[in-house]
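Colleague: Return a 3D structure for these sequence lines:
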Amino acid sequence: MFTSSMPNLYCADVAAAAGFYRDVLGFDQTYQFPPAGPPQHVELRLGESMLALSSHAAVGHTGLPAPSAGHTQELVVWCADMDAAIARLRAARAPVLVEPYDHVAGHRRAYVADPDGNWLALVQS
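Modeller: Prediction:
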């Protein structure tokens with residue numbers, strides 16, 4: 001029946017968001033629409049997980065209300081080395097919202113924001 005899922009983040013600047021996920025976090029870009037020029041929609045893959053990014057304008061074409069600011073979700077990204085991940089994100093000027101800490105569940109966790117202010121939870125097992 002259902003076979004997979006893909007979070008789709010609504011972005012003010014799809015190219016900037018795609019660059020962040022691709023160049024800073026190491027996602028591979030697998031699709032872009034339109035194929036040339038400023039993207040309205042991009043799909044990326046990291047390991048087995050997929051992520052889509054859509055422009056606010058593209059969302060308007062679907063009949064949905066315009067996206068608005070808010071933090072109704074987070075994207076969890078696992079990393080092998082929390083300190084190296086935070087250093088890379090800082091170098092890319094990503095805001096670190098919560099410094100790395102030892103989570104009660106037994107892993108290290110930190111929070112950062114992407115260029116649109118979407119929250120990313122970084123987790124190191």
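Colleague: List the buried residues of the one helix or strand Y111 maps to.
Modeller: Of the helices and strands defined by DSSP states H and E, Y111 is found in strand 108-113. Within strand 108-113, the residues that count as buried by 16 or more other Cβ atoms under 10 Å are 108-113. Where you see a C-beta, it was placed from the backbone N, CA and C, and this is true even at glycine.
Colleague: same thing with stretch 98-110?
Modeller: Here stretch 98-110 shows 100, 108-110 as buried, counting by 16+ other Cβ under 10 Å.
Colleague: Distance of the closest residue to A52 other than its chain neighbours relative to V98?
Modeller: In this structure, A52 finds its nearest non-sequential neighbour in N8, 4.0 Å apart by Cβ to Cβ, 6 or more residues apart in numbering. Distance of N8 to V98, given as Cβ to Cβ, to the nearest Å: 24 Å.
Colleague: how far is stretch 115-125 from where the chain is centred?
Modeller: 7 Å (Cα atoms, centre = their mean, to the nearest Å).
Colleague: swap in stretch 106-122?
Modeller: Using Cα atoms, centre = their mean, the mean C-alpha position of stretch 106-122 is found 9 Å from that of the whole chain.
Colleague: if we look at it, which residues are touching it?
Modeller: 9-13, 16-17, 20-21, 69, 71, 73-79, 82, 85-86, 89, 94-103, 123-125 (Cβ atoms under 8 Å, 6 or more residues apart in numbering).
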